[in-house]
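Q: Sequence and predicted model, in that order:
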Amino acid sequence: MLELVDVSKVYKGGKRAVDGISMRLGAGLLGLLGPNGAGKSSLMRVAATVTRPTRGKVLFEGTDVVSRPDALRAALGYLPQDFGVYPHLTAREFLSYLAAVKGLSARSARVRVGELLELVNLTEAGRRPLGAYSGGMLRRVGIAQALLGDPRVLIVDEPTAGLDPEERVRFRTMLSDLAADRVVLLSTHIVSDIESVASDIAIVARGRLLRRGSPEELLREVDGQVWETVAGPSDAVAMRERYVISRMIRTAGGTRLRFLSPTPPGGDAVRVAPDLEDVYLAVINGPAARAVTR
Amino acid sequence: MTARAPIALAVADFRERVRRPAYAVTLLAAVGLACLAVPDAGSHWVLMDVGGYRGVYTSAWIGTVTALAGALWLTMGGFYVVRDAIARDERTRVGHILAASPLRTSTYLIGKFLSNFLVLASMAGVLAVAAPLMQFARGESGTFDPIALLLPFALITLPPLVLTAAAAVLFETVPLLRGGVGNVVWFVVSMVLLMGGQTRNAPLGGIGVRQAAESMRTALVEQGIDVTDREFSLGLTSVTEPLRTFQWDGFIPDAAFLGGRLVLLAVGIAVALLPALWFGRFDPARGPGSGSAAVPSRPGKAREGDQDEILGDLPRGVRGEPGMGGPVGRPGLPVTMTAPVRGRAFWRLLAGELRVLLRGVSPWWWLVVAAVTVAGFATPEPATLLPLAWIWPVLIWSRLGTQRVEHGLEGLLGAYPTMRRGLLAEWAAGVALTVVTGIAPAVRMAATADWAGAGAWAGGALLVPALALALGVACRTHRVFQVVYLGLWYLAVNGVAALDYMGVVRSGGLPAGPSPLAVGGLALLLVCAALAVRTARHAVR
């Protein structure tokens, strides 16, 4: 449905934010993982037609939306990482205004706005000016506007920033439900945001796509390479220099370390089942990432 | 207070400003001003007219005229260039970091004042560099005298710029003057200061016109030219005949004039330091930020505690459980969702744009509109109150075309379908506001069958919001329209018929300004220009 073909984005001054990324997206949720500055937001903006790529194509159902962005915009819901609102309008008025921009009929807009406010738990607060909203509440307004047109493509950039834990869980579940019959592209640097909902994961760093696959496929890559041990203070320091540490907890008996090693590290380290955070660290610190860095 | 901190602050702030593309535009404007100050010998537009004469283009004449032009225009216009130093610190939140540092408030204010002055001085510097180039370009005098050329910049241009730099700091720390009101107030204040500064008895030597003019008068007399009834004029004016020339070798400033310059400097520093008495160091609970900062435009700007305040009112029952399915519609979603239906949306867009434009406007503002409207119905001559009716909404009009930038909606709306209808709705909202505020003269003119006046009124009603929209979309700031419109309005009110967009300048009872069709056509052109710029931005991305 949505396809990125060899997309690159180079900003003024020569900063290459996206470097030759290609990916095809169908119905389902693709989680885009990467460290800060990896180029995720640039890639999302390109996919959402907000930024024109320096090179490459973005195709939506066969139409090149770089030259004809409205083909995608009519079917798109986009939540940028950072966005503003008109502070003197209420949430209901703001969403109604955006519904008019999207071309929804008056009746449909009224119904849809009411449903979306309920969906994001803002029905009561919906009649108050947005200027008095907290960051989390504004984020929920952003989520509601992204869903206004019942989009076939939903692109959400760091959507859970500012949400409380309950709202995060709720939003992740909602995305998972929405992904049943549409393209959902979710960008985050928080692994837990996608590990429970993404059927497809892409890991990017320095503008390059390093890995893509289902959670099971990615987990298989580091199977047998994740270890845990308890170390004394001096050993812990040495291990931090030698291995990629994915978790470190101080206990009464020493420091419990979870780390990555392709070969058995020796000592009393025990092999444990990997999770997506281990995969992420292995990819980000692995040979592919180092090749990009060079 | 050591000198290092304010200087470091000023230099950092100056660097931040001069690395923006807009700074290059201001420098280009300074070059344009230099060209304007030294027109071609056959030009009918002049900046300084000594009773039908001008000096031969020597270093002294060019230096003095360019310096006076700089004093005049940079004092007024430079304010709008530099007046964002403190607001930017608030916007970028750098101010919050500075507020938590040991930096003293007075040091901060002096740093901002110095930065403002550096920006203005750099513009004056461009004038000073352009002046000798103009001398050589005009070629009337081959003798280059650097002191005669540059001294006027030090004595005439820079001192009032000290006051401008200080006033910009002062205005930014007074809540009422921080926004558009301050822009209007400065327009009036600077006009008064600059006009008063040209009078014979101006305190502290004024802007230096009197000293230069007396010296020129003496030179004219010495060259046998009758100076009786000859008037000195400074400012862009049109002359029927190109000016004749006389030789003028500059003026020697007396001690009183030099002393006055030093006093101006001291006054400027005092004005810049005055806000230390009340400046709240970006504390949202007090000081200049307490009004507008309470209304965050971006998620991160929300106040602590807002969430509790509003969520506290939410009934717990509203909070759905994750994954709770609705009875019908999309399965799995927490609530029932109906599919959206597309339809006609222009009138709702217009209603939305009217809300965006007018929501948050004080009831007092509307009260003044009502009072002017009532007065418009009561006054014997309907057109007399139109200038008042159409200056009052200047701050509201200036929102047109800039709101999405100001409130950070560009990222969000960038992924929406191209907003051609949205822009037309925005203009229509501006036209509606213009019609409402000027309704009384229109009704009166229609009632008295003054169709020519009504036509001029209609042209103005289309033009003003179109101008605001075009400048707002192109420049992405309120200030440009505020300054341009105030200038246009001032000229129209002062009888410049060619620029009378309202139909208030009358000749033989009929509007003497341009044809309403031409004004309306210009309005349409401006809307098209705004549309083109916004569409291009939307497309280029």
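A: Everything's here; your move. None of these values were measured; they are calculated from a predicted model. Numbering: from 1, shown residues only, chains lettered A, B, ... in the order given.
Q: Nearest residue to B:Thr105 in space, please, no chain neighbours.
A: Spatially, and ignoring its direct neighbours in sequence, B:Thr105 is nearest to B:Ala276 (4.9 Å; CB to CB, 6 or more residues apart in numbering or on different chains). C-beta here means a position set from N, CA and C on the backbone, and glycine is covered the same way.
Q: which residues does that neighbour contact?
A: Going by CB atoms under 8 Å, 6 or more residues apart in numbering or on different chains, B:Ala276 touches B:Thr105, B:Ser106, B:Leu109.
Q: Contacts only, for the first one.
A: This points to B:Thr105. By CB under 8 Å, 6+ apart, the neighbours of B:Thr105 are B:Ala276, B:Phe279, B:Arg281.
Q: Which one among the residues you listed sits at the bottom for pLDDT?
A: Lowest pLDDT among the contacts of B:Thr105: B:Arg281, with 80.
Q: center of chain A - which residue?
A: A:Ser187 (1.5 Å; CA atoms, centre = their mean).
Q: tell me the pLDDT at it?
A: At A:Ser187, the predicted lDDT confidence score is 92.
Q: tally of neighbours for the closest residue to chain A within the stretch 351-500 of chain B?
A: Using CB to the nearest CB, the closest approach of the stretch 351-500 of chain B to chain A is made by B:Gly408 at 2.5 Å. As a burial measure, B:Gly408 scores 17 neighbours (other CB atoms under 10 Å in any protein chain shown).
Q: same deal with B:Val221?
A: B:Val221: 11 surrounding residues under other CB under 10 Å.
Q: That one is in contact with B:Arg230, isn't it?
A: No. Using CB atoms under 8 Å, B:Val221 is not in contact with B:Arg230; the gap is 10.5 Å.
Q: ok, of the contacts of B:Thr105, which one's closest to chain A?
A: Nearest to chain A, judged by CB to the nearest CB, of the contacts of B:Thr105 is B:Arg281 at 22.6 Å.
Q: Which helix or strand contains the closest one?
A: Using DSSP states H and E, B:Arg281 sits within no helix or strand.
Q: With A:Val7 instead?
A: Using DSSP H and E, A:Val7 sits in strand A:2-10.
Q: who's in contact with that strand?
A: By CB under 8 Å, 6+ apart, strand A:2-10 touches A:16-25, A:39, A:42-43, A:46-47, A:51, A:53-60, A:72, A:153, A:183, A:185, A:207.
Q: Can you list the buried residues in whatever helix or strand comes next after that strand?
A: Using DSSP H and E, the helix or strand that follows strand A:2-10 towards the C-terminus is strand A:16-25. Within strand A:16-25, the residues that count as buried by 16 or more other CB atoms under 10 Å in any protein chain shown are A:Arg16, A:Ala17, A:Val18, A:Asp19, A:Ile21, A:Met23, A:Leu25.
Q: swap in stretch B:435-452?
A: Result for stretch B:435-452 [16+ other CB under 10 Å]: buried residues B:Thr437, B:Gly438, B:Ile439, B:Ala440, B:Pro441, B:Ala442, B:Arg444, B:Met445, B:Asp450, B:Ala452.
Q: separation between B:Arg15 and B:Ala5?
A: Using CB to CB, to the nearest Å, B:Arg15 is found at 16 Å from B:Ala5.
Q: And for B:Met216?
A: When CB to CB is the yardstick, B:Met216 and B:Ala5 sit 45 Å from each other.
Q: quick one: the helices in the stretch 251-400 of chain B?
A: Ranges of helices within the stretch 251-400 of chain B are B:255-273, B:306-311, B:346-358, B:363-378, B:386-389, B:394-397, based on DSSP state H, counting those that start in this stretch.
Q: which other helices and strands contact the fifth one?
A: The helices and strands touching helix B:386-389, judged by 3 or more CB pairs under 8 Å, 6 or more residues apart in numbering or on different chains; DSSP states H and E, are helix B:363-378, helix B:439-447, helix B:478-493.
Q: tell me the angle the shortest one makes with helix B:363-378.
A: Angle of helix B:439-447 versus helix B:363-378, following axes from the mean of the first three to the mean of the last three CA atoms, to 10 degrees, is 20 degrees.
Q: Who are the packing partners of helix B:439-447?
A: Counting by 3+ CB pairs under 8 Å, 6+ apart, the packing neighbours recorded for helix B:439-447 are helix B:363-378, helix B:386-389, helix B:451-475.
Q: again, only using 6 Å
A: helix B:363-378, helix B:451-475 (3 or more CB pairs under 6 Å, 6 or more residues apart in numbering or on different chains; DSSP states H and E).
Q: Show me what counts as buried in stretch B:369-380.
A: B:Val369, B:Val372, B:Thr373, B:Gly376.
Q: Could you list which residues are in contact with the first one?
A: Yep, that's B:Val369 we're talking about. Counting by CB atoms under 6 Å, 6 or more residues apart in numbering or on different chains, B:Val369 touches B:Thr437.
Q: give me that answer again for 7 Å
A: B:Trp392, B:Thr437 (CB atoms under 7 Å, 6 or more residues apart in numbering or on different chains).
Q: and what of the last one?
A: By CB under 7 Å, 6+ apart, B:Gly376 lies in contact with B:Pro382, B:Leu385, B:Ala389, B:Ala440, B:Pro441, B:Arg444.
Q: With the second one instead?
A: Shown in contact with B:Val372 (CB under 7 Å, 6+ apart): B:Leu385, B:Leu388, B:Ala389, B:Trp392.
Q: go with 8 Å
A: B:Leu385, B:Leu388, B:Ala389, B:Trp392, B:Thr437, B:Ala440.
Q: What does B:Gly508 show for phi and psi?
A: phi 60, psi 30 (degrees, to the nearest 10).
Q: still on that earlier bit, ok, the residue of the stretch 351-500 of chain B closest to chain A touching A:Tyr86?
A: No. Judged on CB under 8 Å, B:Gly408 makes no contact with A:Tyr86 at a distance of 10.0 Å.
Q: Which pLDDT value goes with residue 251?
A: Unless you meant another one, I'm taking chain A. Value for A:Thr251, per-residue pLDDT: 87.
Q: wait, I meant chain B there
A: For B:Phe251, the model assigns a pLDDT of 87.
Q: Can you pull out the low-pLDDT segments for the stretch 401-541 of chain B?
A: Residue ranges of the stretch 401-541 of chain B with pLDDT under 70: B:418, B:539-541.
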